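Trainee: predicted coordinates and the sequence they were generated for:
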Amino acid sequence: MKRYLAIFGFFFAAASATESFAGEYLIVGTQANGGGAIYEVNGGNLTFIDNLPTVEAVPWGARAAYYHEADDTLYFAEGDSPAEWSVPLGDLLNPETRARARRIRGFDNRGGGEAHPDIFFRGPQDGEIYTHTRGGGRLWRYNPANDTVTDMGAHTAATDSKIYQVVYGNTVYTHNGDDGFRAWDQVDNGDWSAPYDAGISDVLKSHATAVRAGDGMYFSGRSGTIAYGSFVTGGPSPGNLPRLDPISPLNSMDVSGDGTKLWVGGFQPHISRDTNYLGYFDISGNLDTARFTLVVSPGGTLPGLEGNDWRISIVSIVEPGPQFRRGDCNNDGAIDLSDSMYALSWLFLGGPAPGCFAATDTNGDGAVDITDPTYLLSHLFLGGPAPTAPFSACGTSELEADEELGCEDSPCS
């Protein structure tokens with residue numbers, strides 16, 4: 001039977017195996033056999049659900065976690081040790097099921113001086129599982145069906161990109177080993193561009209990075225200081241969140257599903273690596289004066305954890321929104337010249353309105369106007385960039401603007 005312990009007076013009601021597990025969850029991993037645990041998040045309150053299962057020949061606890069919706073599975077990686085593993089999230093959350101871990105072997109015999117990966121992430125166009133490794137800075141696709149990896153031929157010059165990969169739009173950003181980011185774009189057929197300088201600077205040679213999915217705001221931290229900026233506008237970081245003195249450095253961070261909190265975990269090395277702390281910034285307003293709230297004070301504990309040097313990940317599961325294919329303006333299931341013509345007819349000739357405004361916002365800027373049909377025409381006939389996902393196939397969107405635009409009618413539904 002799983003354990004449910006309330007922190008700060010919050011009570012968690014266990015869901016049955018047939019009910020939805022929609023909600024927000026915090027996963028905390030530890031160093032050197034300290035194990036890990038999963039907690040439900042309600043505002044700033046946490047409720048212990050269960051410990052992560054032990055894994056064969058994994059000397060470290062769970063660190064960076066990635067949730068892959070397609071198979072309802074958590075994937076873990078830790079570049080400091082040769083160990084990757086996975087566990088079904090539904091099994092962890094279901095009180096009637098004993099969760100079991102699966103050791104991933106696909107990265108064990110690649111050769112070429114490559115280190116093991118630090119984090120898994122989702123391909124923004126094809127939805128497949130990818131990861132980036134230090135050493136040669138290679139990008140890999142992982143196939144869980146046969147536990148194999150494929151070198152995607154996209155390599156960075158950065159060899160120390162520890163737990164830095166984040167995805168926004170069609171782009172994966174990784175720390176460049178200095179004070180900026182390098183990036184890859186995934187195109188609609190699943191191929192990847194050559195890596196390039198993302199045009200972002202002053203991000204503190206960070207030890208942790210997170211992104212707010214709704215607007216592309218990034219957070220990049222080192223030694224108690226967290227810089228912020230925008231993947232949309234690029235350029236130098238415009239400022240820092242209030243410094244985390246005297247609790248520093250931070251180990252990892254992640255943004256809540258609603259984009260209002262930046263969760264931060266770390267320890268106080270000037271005292272002891274056992275002085276773990278956990279808290280969050282309110283990032284819903286002015287970032288320069290964002291308020292930090294401690295949930296676990298330095299040296300405190302969380303139920304179910306024995307190790308130290310905490311790493312955190314947020315997993316948000318929402319009821320799925322409508323499926324659509326961006327660029328399919330006329331809802332005929334294909335993307336071609338007729339879509340741009342349909343949008344232009346509605347905009348300027350009084351033609352019928354699109355059934356799915358989110359799909360008609362082909363450039364993903366949150367508005368439907370002349371720039372959308374021209375953007376699509378540029379992609380179709382001039383080699384311009386592909387529309388933001390979901391484009392290559394039907395899917396849902398994490399962009400707040402798409403929710404606001406709406407999608408009442410789509411052939412994907």
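Mentor: Alright, I've got the coordinates. Numbers count the residues shown, from 1 in each chain.
Trainee: give the buried residues for stretch 100-110.
Mentor: 101-102, 104, 106-107, 110 (16 or more other Cβ atoms under 10 Å). All C-beta spots, glycine's among them, are computed from the backbone N, C-alpha and C.
Trainee: ok, stretch 319-329 next?
Mentor: Across stretch 319-329, burial judged by 16+ other Cβ under 10 Å covers 322-329.
Trainee: what is the nearest of those residues to residue 347?
Mentor: Closest approach between the buried residues of stretch 319-329 and residue 347, by Cβ to Cβ: residue 329, at 10.4 Å.
Trainee: for residue 170, which non-adjacent residue is closest in space?
Mentor: Nearest residue to residue 170, sequence neighbours excluded (Cβ to Cβ, 6 or more residues apart in numbering): residue 124, at 4.8 Å.
Trainee: in this structure the one you found contacts residue 166, no?
Mentor: No. Counting by Cβ atoms under 8 Å, residue 124 sits too far from residue 166 to count as a contact (11.1 Å).
Trainee: now the strands for the stretch 301-413 of the chain?
Mentor: Ranges of strands within the stretch 301-413 of the chain are 311-317, based on DSSP state E, counting those that start in this stretch.
Trainee: next one: the stretch 51-200 of the chain
Mentor: Remark: strands assigned in the stretch 51-200 of the chain by DSSP E, counting those that start in this stretch are 64-68, 73-78, 83-88, 102-104, 117-122, 129-133, 138-143, 148-155, 166-168, 171-175, 181-185, 196-197, 200-201.
Trainee: which one of the ones you listed has the poorest average confidence?
Mentor: Ranked by mean pLDDT, those end with strand 148-155 in last place, scoring a mean of 82.
Trainee: returning to what we had before: find residues that contact each of residue 124 and residue 166.
Mentor: Counting by Cβ atoms under 8 Å, 6 or more residues apart in numbering, the residues touching both residue 124 and residue 166 are residue 172.
Trainee: for those two, indicate the residue with more neighbours.
Mentor: residue 166 (25 against 21; other Cβ atoms under 10 Å).
Trainee: quick one: the residue nearest to residue 170 and residue 363, what's the gap?
Mentor: 15 Å (Cβ to Cβ, to the nearest Å).
Trainee: now swap in residue 285 and tell me
Mentor: The value you get for residue 285 to residue 363, if Cβ to Cβ is used, is 28 Å.
Trainee: these two: which has the busier surroundings?
Mentor: Neighbour totals were compared for residue 285 and residue 363, and residue 363 leads with 22 against 10 (other Cβ under 10 Å).
Trainee: what pLDDT does the residue nearest to the more buried one when sequence neighbours are not counted get?
Mentor: Leaving aside its chain neighbours, residue 363 sits nearest to residue 375 (4.1 Å; criterion: Cβ to Cβ, 6+ apart). On pLDDT, residue 375 comes in at 97.
Trainee: helix or strand for residue 47, which one?
Mentor: Assigned by DSSP states H and E, residue 47 belongs to strand 45-51.
Trainee: who does that strand pair up with?
Mentor: Sheet pairing here is set by DSSP bridges, and for strand 45-51 it gives strand 5-6 (antiparallel), strand 36-42 (antiparallel).
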